[in-house]
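Asker: here are the coordinates; sequence isn't available:
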């Protein structure tokens, strides 16, 4: 079956975007018309609707246009996998928005029924919005595929993740008490070994995931004030020395 072809205005009308947007996407190479006629008309095909949907969805979940182009034009691009990724990311955004709506609704009811506002209700709203902001923050360090993998693991491996988070809490409390000691000592090196095991449990041995994690912690000076760092700077520096000693001894 031959595909239908659409002039710019018809394609814009059918897709719900502006002609100006299509011109811009064409200029930057993000969405080029399928056909250029001898008379100078630019014609879009049915297939271009699918690519435009990808662009609009990826833009909605926070990706810059340059990154969108890299994803769609990559050698490993897989439409089914990309749609699955988008669904997971949108579901997470939906869940965060639903939490914010519920929190605002509760605060609205309290404000309408009591003389003195319940400030805790407003705190809940702030927490939910910060949660969403932190998701955008993580996109600086992790690829969308990695974030989708982490989100899926939290859904399917909730019990294991909760156990890992508790193990981290215990480990950091122990490490805090040893700050100031020789990072090469037996006690500190034992902690460094457990630390490495927990990192590997998080990354599943994926070197790219570990690289993203290191990139996140290497950029601590630029973390937003809304992001609650799981490890304070002093502890991170101390354990960094211990881990380096461990690597040297093993290497």
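Answerer: Nice, I can see it. What you see is a predicted model, and the numbers here were worked out from it, not measured in a lab. Residues are numbered from 1 along each chain as shown.

Asker: Let me know the pLDDT of residue 12.
Answerer: With respect to pLDDT, residue 12 has a value of 90.

Asker: ok, now residue 42?
Answerer: The predicted local confidence for residue 42 is 87.

Asker: What of residue 130?
Answerer: 51.

Asker: Also the one 10 residues further on?
Answerer: According to the per-residue confidence, residue 140 scores 76 in pLDDT.

Asker: For it, give me phi and psi.
Answerer: Recorded main-chain torsions at residue 140 are phi -70, psi -20, according to degrees, to the nearest 10.

Asker: start at 610 instead
Answerer: Sure thing, new numbering starts at 610, so read that last one as residue 749.

Asker: count of neighbours near residue 691?
Answerer: Around residue 691 there are 18 other residues, counting by other CB atoms under 10 Å. C-beta here means a position set from N, CA and C on the backbone, and glycine is covered the same way.

Asker: Is it in contact with residue 672, as I believe?
Answerer: No: using CB atoms under 8 Å, residue 691 is not in contact with residue 672; the gap is 11.5 Å.

Asker: Give me the common contacts of the two.
Answerer: residue 680 (CB atoms under 8 Å, 6 or more residues apart in numbering).

Asker: in the helix or strand containing residue 783, what's buried?
Answerer: Here residue 783 sits within helix 767-787, counting by DSSP states H and E. Neighbour-count burial for helix 767-787 flags 770, 777, 780-781, 784, 787 (criterion: 16 or more other CB atoms under 10 Å).

Asker: Following it in sequence, what is the next regular element?
Answerer: Toward the C-terminus from helix 767-787 - assigned by DSSP H and E - lies helix 795-812.

Asker: How far does the helix or strand just after that following helix sit from its chain's centre?
Answerer: With elements assigned by DSSP H and E, the helix or strand that comes after helix 795-812 is helix 816-827. Offset of helix 816-827 from its chain centre (CA atoms, centre = their mean, to the nearest Å): 13 Å.

Asker: tell me what helix 816-827 is packed against?
Answerer: Where contact means 3 or more CB pairs under 8 Å, 6 or more residues apart in numbering; DSSP states H and E, helix 816-827 is packed against helix 753-765, helix 795-812.

Asker: weakest of these by average pLDDT?
Answerer: helix 753-765 (a mean of 74).

Asker: Can you give me the buried ones in that one?
Answerer: Applying a neighbour-count criterion of 16+ other CB under 10 Å, one finds 753, 755-758, 760 buried in helix 753-765.

Asker: With stretch 818-836 instead?
Answerer: Buried, per 16+ other CB under 10 Å, within stretch 818-836: 818, 821-822, 825.

Asker: Mind picking the one among those residues that's closest to residue 800?
Answerer: Nearest to residue 800 among the buried residues of stretch 818-836: residue 822, at 18.2 Å, using CB to CB.

Asker: was I right about that closest one contacting residue 811?
Answerer: Yes: using CB under 8 Å, residue 822 makes contact with residue 811 at a distance of 7.1 Å.

Asker: No further queries at this time; thank you.
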